[in-house]
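Visitor: how would this look folded up:
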Amino acid sequence: METRELRYFVAVAEELHFGRAAQRLGIAQPPLSRAIAGLERRLGAPLLERGSRGVALTESGAVLLREARAALDAVEAAERRTRRAALAATGRPAVVLAAKAGASDELLAKLLDAYAAEPGAVAVDVVLCGPGEQVAVLRTGRADVALLHRPFDDTAGFDTEDLHSEGQVAILPAGHPLSTRPHLRLAEVTAIPDLPLPRWPRPNGTFPDGPGPQVRDHTQLTQLIALGRACAVLPESGRTGLRDGLTAVPVTDAPHVTTVIAWPPQSRSTAVAGLVRAATAL
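Guide: The predicted model follows:
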């Protein structure tokens, strides 16, 4: 299979509409349809069900969609990492570290200081991401290493080292009746009628259904909470630098959040190894 065919298939599988997929790819619909039909013939399996109500993935198509995304990510990652290696050969080495904006700030600062003190340390470019984005940034080679948070981030396919684990707290407007409680349970937080939990974007940019406001970053979230429009359950480190007008209350039955440092298993970068070594020594 060619990468072009995989890109064509992924576009159709995600749009579930040949016309929209063709428009997204910038090609005419007939060659797109022929390419998908040829792919099905070569694989000996139907990938899409075409009917009067539209297009749907078959079981085989769902498998190929998952594998095609991973393959295209790997190709993109290989290109980006090769370009960075070429830059390093010219005397401009750097390593790219992805982290979630507003999370693990203290850990990130300590990690950068510890790595800078290592012999042979190179420049570290820090990419601050929205919720969950650092996984895609790492998979596609836009970063060499990332700070991820289980159970929220998918660490499958990466090498990882656990750094620390912490409980979670409910972030509420100061003055709310529940803000003076010594602790809360998840069921109590999710049942607050006037403070719905926020809705974060999925990897494809869409938002799940629900009453909560759509948010894309930590600044938006804290402002909405301060305005009395939402609440949130965040790792306990979210207490640090909490703005005026907000209160943090421990949530006793919320799952613990484990911060990990993650990198591709095939990495041979000495800079990545140095960052991992510095992180695990903190």
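
Visitor: Three-state assignment for residue 99, please.
Guide: Using DSSP: H, G, I helix; E, B strand; the rest coil, the structure places residue 99 in strand.

Visitor: which residue is the nearest non-sequential neighbour of it?
Guide: Once flanking residues are discounted, residue 99 sits nearest to residue 147: 4.4 Å by Cβ to Cβ, 6 or more residues apart in numbering. Just so you know, the C-beta spots here come from the backbone N, C-alpha and C atoms, and that holds for glycine as well.

Visitor: from memory the one you found sits against residue 135, does it?
Guide: No. Taking Cβ atoms under 8 Å as the definition, residue 147 is not a contact partner of residue 135, at 10.9 Å.

Visitor: tally of neighbours for residue 180?
Guide: 11 (other Cβ atoms under 10 Å).

Visitor: from residue 224, how far out is it?
Guide: According to Cβ to Cβ, to the nearest Å, residue 180 stands 21 Å off from residue 224.

Visitor: and residue 106, how many neighbours?
Guide: Neighbours of residue 106 using other Cβ under 10 Å come to 10.

Visitor: now swap in the one 10 residues further on and tell me
Guide: Residues lying near residue 116 (other Cβ under 10 Å) number 13.

Visitor: show me the contacts for it.
Guide: By Cβ atoms under 8 Å, 6 or more residues apart in numbering, residue 116 lies in contact with residue 124.

Visitor: quick one: low-confidence ranges for the chain?
Guide: 84-93 (pLDDT under 70).

Visitor: helices of that one, start to end?
Guide: 3-15, 18-25, 29-43, 59-89, 105-116, 133-139, 186-190, 218-226, 270-280 (DSSP state H).

Visitor: give the buried residues for the fourth one.
Guide: Going by neighbour count (16 or more other Cβ atoms under 10 Å), the buried part of helix 59-89 is 61, 64-65, 68-69, 73-74, 77, 80-81, 84.

Visitor: likewise the shortest one?
Guide: Of the residues in helix 186-190, those scored as buried under the neighbour-count criterion (16+ other Cβ under 10 Å) are residue 189.

Visitor: check the offset of it from the chain's centre.
Guide: 25 Å (Cα atoms, centre = their mean, to the nearest Å).

Visitor: repeat that for the third one.
Guide: Here helix 29-43 shows a centroid-to-chain-centroid distance of 32 Å under the convention Cα atoms, centre = their mean.

Visitor: what sits against residue 223?
Guide: Contacts of residue 223 (Cβ under 8 Å, 6+ apart): none.

Visitor: check the gap between it and residue 237 for me.
Guide: Distance, residue 223 to residue 237, by Cβ to Cβ: 20 Å.

Visitor: same question for residue 258.
Guide: Residue 258 is 12 Å from residue 237, by Cβ to Cβ.

Visitor: ok, now residue 178?
Guide: Taking Cβ to Cβ, one finds residue 178 at 21 Å from residue 237.

Visitor: the two: who's more crowded?
Guide: Just comparing residue 178 and residue 237: by other Cβ under 10 Å the higher neighbour count belongs to residue 237, 20 against 16.

Visitor: what's the nearest residue to the more buried one if we skip its chain neighbours?
Guide: Setting aside the residues directly before and after it, residue 237 is nearest to residue 166 in space (Cβ to Cβ, 6+ apart), at 6.0 Å.

Visitor: what's the neighbour count on that neighbour?
Guide: 14.

Visitor: what is it paired to in the beta sheet?
Guide: residue 257 (DSSP bridges).

Visitor: if I pick residue 200, what's in contact with it?
Guide: Going by Cβ under 8 Å, 6+ apart, residue 200 touches 131-132, 207, 215-216.

Visitor: the nearest residue to residue 255 once chain neighbours are set aside and residue 69, how far apart?
Guide: Closest residue in space to residue 255, ignoring its immediate chain neighbours: residue 151 at 6.0 Å, by Cβ to Cβ, 6+ apart. Distance, residue 151 to residue 69, by Cβ to Cβ: 21 Å.

Visitor: quick one, phi/psi of the residue lying farthest from the centre of the chain?
Guide: Distance from the centre of the chain peaks at residue 52, with 35.8 Å (Cα atoms, centre = their mean). Per-residue torsions, residue 52: phi -70, psi -20 (degrees, to the nearest 10).
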